[in-house]
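**Student:** Give me the fold of what follows.
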Amino acid sequence: MPANGEALTPGERSELIRLRAENALLRTEKDILLKAATGFAIDAGALPPGALGKPEPR
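**Tutor:** As a prediction, the model looks like this:
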């Protein structure tokens, strides 16, 4: 419920649901891109092999 004590209108509720779904998608995309960028940096030698939290190959 908003701070002013009024309930959300149907349009506001719909927008809130849409924005929450979009936020979840953006977080997932960010995580994927971060893992990819880290992998590329490891391959390029800019980061040590254990930078992704995986054990180093022996």
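
**Student:** just for this structure, where's the confidence low?
**Tutor:** 1-3, 53-58 (pLDDT under 70).

**Student:** the helices in this structure, which residues?
**Tutor:** Remark: helices assigned in the chain by DSSP state H are 10-43.

**Student:** Spatially central residue for it, please.
**Tutor:** The C-alpha lying nearest the average C-alpha coordinate of the chain belongs to residue 27 (Cα atoms, centre = their mean; 1.9 Å).

**Student:** Please report how far it lies from residue 9.
**Tutor:** In this view, residue 27 and residue 9 are 27 Å apart by Cβ to Cβ, to the nearest Å. (C-beta placed from N, C-alpha, C; glycine too.)

**Student:** now residue 43
**Tutor:** With Cβ to Cβ as the criterion, residue 43 and residue 9 are 51 Å apart.

**Student:** now residue 24
**Tutor:** From residue 24 to residue 9 the distance is 23 Å (Cβ to Cβ).

**Student:** do the same with residue 44
**Tutor:** From residue 44 to residue 9 the distance is 51 Å (Cβ to Cβ).

**Student:** repeat for residue 35
**Tutor:** Counting by Cβ to Cβ, the gap from residue 35 to residue 9 is 39 Å.

**Student:** So the two - more neighbours on which side?
**Tutor:** residue 35 (12 against 9; other Cβ atoms under 10 Å).

**Student:** could you list every residue that touches that one?
**Tutor:** If a contact means Cβ atoms under 8 Å, 6 or more residues apart in numbering, then residue 35 has residue 52 as its contacts.
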